[in-house]
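**Student:** for reference, the sequence and a predicted model appear below.
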Amino acid sequence: MDFNNPAALETLSQWFLQSLSPDPEPRRRAESSLSAAAASSGFALAVLNLVATDPVDEQIRLAAAVHFKNHLRSRWSPSSSDDLPIPEAEKNQIKALIVSLMLKVPRRIRPQLSEALSIISSHDFPQAWPSLLPELVSNLRSAADYSTVNGLLGAANSLFLKFRHSFDTPALRLDLKYCLDGFAAPLLEVFLKTAQLISASATAGSPDVLCPLFESQRLCCEIFHSLNSIELPEFFEDHMREWMTEFRNYLTATYSPAVEAEGTVDALRAAICENLQLYMEKNEEEFKDYLKDFASAVWNLLTTSAAITSRDQLTITAIKFLTTVSTSVHHSLFGSPEALQQICESIVFPNIQLREEDEELFEMNYIEYIRRDIEGSDIDTRRRIACELLKGIALNYKEQVTAQVSMQIQRMLALFAANPGENWKAKDSAIYLVVALAPKAGTGGAASGYLVDVESFFTSVIVPELQGQDVNATPILKAGALKFFTVFREQIPKPAAIALLPNVIRFLGSESNVVHSYAANCIEKLLMVKDRAPAPAPGLNAVSFVPRYGASDINPIVQQLMHNLFTALQFPDSQENPYIMKCIMRVLGIAHVTGELAQACINHLASILAEVCKNPKNPTFNHYLFEAIAALVWRSCEKDQSLIGVFEGCLFQVLENILVNDISEFWPYAFQIFAELVEIRKPPLSDSYMQLFQVLLTPETWKKSANVPALVRLLQAYLQKVPNELNNEGRLGQVLGIFNKLISVSSTEELGFFVLNTVVENLHYDMIAPYIGTIWNVLFLRLQNKRTVKFVNSLVIFMSLVLVKHSPGILVDSINAVQANIFGAILQQFWIPNLKLISGAIEVKLTAVAATRLICESPSLLDASAMELWGKMLDSIITLLAQPDECKADLENDTPDIHETVGYSTAFARLHYAGKKEEDPLKEIRDPKEFLVTSLSKLSALAPGRYPAVIEKYVEPSNQAALLQICGAYNCAIV
């Protein structure tokens, strides 16, 4: 299409109109036409011209502006080769027009063009767009109204935001200097000019007059923050008094109720508080002369600040500033008893009280309530930030703060006791204070770090709430009690916690989404508690932990627990509640669930999975769902083989539907569950499994990278379970073809070795022999072209596996068959240097034993001409085995936390409970150190005097001493 033709604008206008159609057919056609036209030269400029054309309907212009912005994002500097970049000549035309057009378009459209300008500037400003800043300054100085001024300041603000968020580099500082030289003075001009207008209109000005002026000052404050983010610029230091004078005026002045209610002036005050905090953090020395006045101004502002929601941001930023002051060298401003009392009574305690807005959020949007309350959301709340202020002051005045807070807690509890029905919010505030001010894990929070005696408070205040028979009464109080139990779960003695578990389980039946979510979260977190285990042997300093709660603790209540958990998923808005599903997963990973209960659980889970397959929209819930299935399959079928058929009957249909209906986000999960089912099933496998095996071996299956780790996991399961099937229909060739593809790419090379190792572990050598030469060729070619430590380590492990499974002779001869005597070069250049870098208990044992057998059994290393290699290999073995032992408890109920996934992506989502169980290929060898010295002792006895000399010459002195120590430990001698 020729976009220089006037008719093109009409066509574009029609496409954007149709793109807004509620009818999907014309909408798709319009989107397709726009997508096809996007690659044409002149398209972006034509869309911009359409946005600027007055007679066109505003809805069409807005749609065009959004499209223009997104078009620039993908094509101004495309990251993908699929998107053609906008030609340079067209870019220059856009840059010449966009500022002036942004000022002319209607206010609804202006933010889109401002964002488009920000996208361009992120790539081109300032080096490739030197005219932008002078153009903004020129327009700013000549602007006739504050709509234009604010549009220009908004654009400038978006330009300078990068100074807040980018990593400090010399190039960034050069850009900052350019911006300061061009904009710092004009910014102050506008700020002072606007301040005069506000001062002249303050008493009689209406919101229509004053609010655009306050908005202008807010934008000036935002730019102030950006330009001061890296360091204090000289210009701002020279003019600090002018800025600070106006800042203080806005914090101390009051305006008409109509102006105050509109909210713009509070947004300005919040921006000022952010700037004050920035100066406290970065420029404390230069700012100290102003600090006392500002602390007083902010303090007074907070004591008069209403509890209405519109003032939340102001309240939060103001308290943050005071918190920063309280932790600085100027903390004495808050040190007097009177000041502490006033802060607590006028600022802290009023802001931790529950408000109507909190109650509405609790009832109407439980996900957001929980996110703010227990998930550590980055959205600050009045309650949380008020407690942060208390913590800040307590750093220097702990006893005084503790006394104030303890008295307040007692007052709140007495108020509740006087009239529980009316004053339940007082008890909620008391619980919140105790929880919010608890020492964080890992900060050495001993009992002395708590404001109250936790066990006593739990018994007298929390337990009565948990024992209340009506699970729907005062739900916010019940949620607070459950949160307390969860936060202090490590301090609550095990007998007390076990006794209360049935009560917590009852709350899974609460109609409140928050309450049954908190109950599920409490149980799940309780099952994660671990206690320090005693050292397994004297002298070992390694720390290990054991779960406090195990299967024996929850088996007596597991039937009721599972019933209530699955019932809770039927409440409105909780059908895909991630807290409940995570709790189900945790319980199934620990409890002994067998018989009818296991059947009921798998029926529930399969039914839920079939439902979410229709519209997978909650990745966190779905991940925990698959983990729950994996945990149930693993724990239950391991103990009751009769359940395998039942589980297959429930799961096969829904898992096959995932593959057949191409529910791609679930494919990796499905393959991992299939792998688990293959592993628990005794051979021969049914036709259904073998049909899946055939699909698994086809190249088409391996095209999606997100599926590859799960496919490897499934392939390993088949190779272990039915290795003899690889004799049929060229299947081993297909498997090695998969290995070849995986090994050729850095991101999947480790997976390629997983396949290869599983083949070597499970197949007889006569099956592998026809392919071994090809395998070595592929590996050595990769080694030659792209050598990494990770690849060489994996190669050493693979060669070690071939040696221990099929003998040193087969390993050496098969490698030398590729090229005469190449084994010696591989040994010298790769095996010996990398052996000492191997990690992992099983891998260390495997490679140490393989290397020991090599130097004690292989003629190629026992030859007199190979003594240097022999000695260096022994040196590497000793280095490997002399590493400190990692003491790891072998725990049946080890329950690592499984973090939330934030969305479906191309990344692989591994299921912990469906993970491959690591198997030791050398179970018959208990200790690789003992194997080394006994093997060396036997070898040296055949040629006395030969090997001590080699050891003295080629083994490092420290390793000679280590070897002597190991020999002494196992009563062996090298003669």
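**Tutor:** All right, it came through fine. Numbering: from 1, shown residues only.
**Student:** packing partners for the lengthiest helix in the chain?
**Tutor:** Longest helix in the chain by number of residues (criterion: DSSP state H): helix 170-201. The elements that helix 170-201 packs onto, with contact taken as 3 or more CB pairs under 8 Å, 6 or more residues apart in numbering; DSSP states H and E, are helix 132-142, helix 146-160, helix 162-165, helix 207-227, helix 234-238, helix 240-252. The C-beta positions use only the backbone N, C-alpha and C, and glycine is treated the same way.
**Student:** okay, those in JSON lines with distance to residue 969, mean neighbour count and mean pLDDT next?
**Tutor:** As requested, those are exported to JSON lines (distance: least, CB to CB, whole Å; neighbours: other CB atoms under 10 Å; pLDDT from 0 to 100):
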{"stretch": "helix 132-142", "distance to residue 969": "74", "mean neighbour count": "16", "mean pLDDT": "95"}
{"stretch": "helix 146-160", "distance to residue 969": "67", "mean neighbour count": "22", "mean pLDDT": "93"}
{"stretch": "helix 162-165", "distance to residue 969": "57", "mean neighbour count": "15", "mean pLDDT": "92"}
{"stretch": "helix 207-227", "distance to residue 969": "65", "mean neighbour count": "21", "mean pLDDT": "96"}
{"stretch": "helix 234-238", "distance to residue 969": "69", "mean neighbour count": "14", "mean pLDDT": "97"}
{"stretch": "helix 240-252", "distance to residue 969": "71", "mean neighbour count": "18", "mean pLDDT": "97"}
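**Student:** what kind of secondary structure is residue 924 in?
**Tutor:** Classification of residue 924 using DSSP: H, G, I helix; E, B strand; the rest coil returns coil.
**Student:** poorly predicted segments of this structure, please.
**Tutor:** For the chain, the stretches with pLDDT under 70 are 1, 80-82, 305-310, 376-379, 440-451, 535-542, 884-908.
**Student:** domains in it, by residue range?
**Tutor:** 1-112, 125-296 (the TED database).
**Student:** ok, which of those domains comes nearest residue 553?
**Tutor:** The closest of the domains of the chain to residue 553 is domain 125-296. By CB to CB, the value is 47.7 Å.
**Student:** off-centre distance for that closest one?
**Tutor:** 34 Å (CA atoms, centre = their mean, to the nearest Å).
**Student:** swap in stretch 602-618?
**Tutor:** 25 Å.
**Student:** mind exporting that stretch as PDB, just the C-alpha atoms?
**Tutor:** Taking C-alpha atoms only, stretch 602-618 is exported to PDB below (Å, rounded to 0.1, in the frame of the first residue of the first chain):
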ATOM      1  CA  ILE A 602      -6.800 -39.300  42.600                       C
ATOM      2  CA  ASN A 603     -10.500 -39.100  41.500                       C
ATOM      3  CA  HIS A 604     -10.700 -35.500  42.800                       C
ATOM      4  CA  LEU A 605      -7.300 -34.500  41.300                       C
ATOM      5  CA  ALA A 606      -8.100 -36.000  37.900                       C
ATOM      6  CA  SER A 607     -11.500 -34.300  37.900                       C
ATOM      7  CA  ILE A 608      -9.900 -30.900  38.800                       C
ATOM      8  CA  LEU A 609      -7.300 -31.400  36.100                       C
ATOM      9  CA  ALA A 610      -9.900 -32.200  33.400                       C
ATOM     10  CA  GLU A 611     -11.700 -29.000  34.400                       C
ATOM     11  CA  VAL A 612      -8.600 -26.700  34.300                       C
ATOM     12  CA  CYS A 613      -7.700 -28.200  30.900                       C
ATOM     13  CA  LYS A 614     -10.700 -26.400  29.500                       C
ATOM     14  CA  ASN A 615      -9.100 -23.000  30.300                       C
ATOM     15  CA  PRO A 616      -5.600 -23.000  31.900                       C
ATOM     16  CA  LYS A 617      -5.600 -19.600  33.500                       C
ATOM     17  CA  ASN A 618      -3.900 -20.000  37.000                       C
END
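**Student:** how about residues contacting it?
**Tutor:** 566, 569, 575-576, 578, 584, 621-622, 625-626, 628-629, 632, 636, 643, 646-647, 650-651, 654, 657-658, 661, 663, 665-666, 904 (CB atoms under 8 Å, 6 or more residues apart in numbering).
**Student:** would you turn the helices and strands packed on helix 170-201 into a markdown table with distance to residue 869?
**Tutor:** Below are the helices and strands packed on helix 170-201 laid out as a markdown table (distance: least, CB to CB, whole Å):
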| stretch | distance to residue 869 |
| --- | --- |
| helix 132-142 | 67 |
| helix 146-160 | 63 |
| helix 162-165 | 55 |
| helix 207-227 | 63 |
| helix 234-238 | 67 |
| helix 240-252 | 72 |
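**Student:** among the ones you listed, which is nearest residue 560?
**Tutor:** The closest of the helices and strands packed on helix 170-201 to residue 560 is helix 162-165. By CB to CB, the value is 50.7 Å.
**Student:** what is the closest one packed up against?
**Tutor:** Looks like helix 162-165 contacts helix 170-201, helix 207-227 (3+ CB pairs under 8 Å, 6+ apart).
**Student:** can you list contacts of that helix?
**Tutor:** Counting by CB under 8 Å, 6+ apart, 122, 172, 175-176, 179, 225-227, 229-230 sit against helix 162-165.
**Student:** among the helices and strands packed on helix 170-201, which comes closest to residue 740?
**Tutor:** Using CB to CB, the helices and strands packed on helix 170-201 put helix 162-165 closest to residue 740, at 44.3 Å.
**Student:** report the distance from stretch 549-567 to the chain centre.
**Tutor:** The answer for stretch 549-567 is 30 Å, by CA atoms, centre = their mean.
**Student:** residue 249: which of the helices and strands packed on helix 162-165 is closest?
**Tutor:** Once these are compared by CB to CB, helix 170-201 is nearest, at 7.5 Å.
**Student:** if you count neighbours, what's buried in the closest one?
**Tutor:** Under the neighbour-count criterion of 16 or more other CB atoms under 10 Å, helix 170-201 has 175-176, 179-180, 182-184, 186-188, 190-191, 194-195, 197-198 buried.
**Student:** between those, which sits nearest residue 417?
**Tutor:** When these are compared against residue 417 (criterion: CB to CB), the nearest one is residue 198, at 51.0 Å.
**Student:** before we move on, the earlier item: which one of the helices and strands packed on helix 170-201 lies nearest to residue 419?
**Tutor:** Once those are compared by CB to CB, helix 240-252 is nearest, at 39.1 Å.
**Student:** give me the residues contacting the helix or strand following the closest one.
**Tutor:** Downstream of helix 240-252, the next assigned helix or strand under DSSP states H and E is helix 257-262. Outside helix 257-262, the residues within contact range by CB under 8 Å, 6+ apart are 205-207, 210-211, 254, 265-266, 310.
**Student:** would you format those as TSV with distance to residue 337 included?
**Tutor:** Formatted as TSV, those follow (distance: CB to CB, whole Å):
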residue	distance to residue 337
205	42
206	45
207	42
210	41
211	42
254	30
265	34
266	31
310	34
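**Student:** what's the closest of those residues to residue 772?
**Tutor:** Closest to residue 772, out of all of the contacts of helix 257-262 and judged by CB to CB, is residue 310, at 74.9 Å.
**Student:** mind giving me the ChimeraX select for the contacts of stretch 602-618, buried ones only?
**Tutor:** Typed into ChimeraX, the line below selects the buried ones among the contacts of stretch 602-618, using 16+ other CB under 10 Å:
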select :566,569,576,578,584,621,622,625,626,628,629,632,636,643,646,647,650,651,654,658,663,666,904
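**Student:** in helices, which of the contacts of stretch 602-618 fall?
**Tutor:** Per DSSP H, the subset of the contacts of stretch 602-618 in helices is 566, 578, 584, 621-622, 625-626, 628-629, 632, 636, 643, 646-647, 650-651, 654, 657-658.
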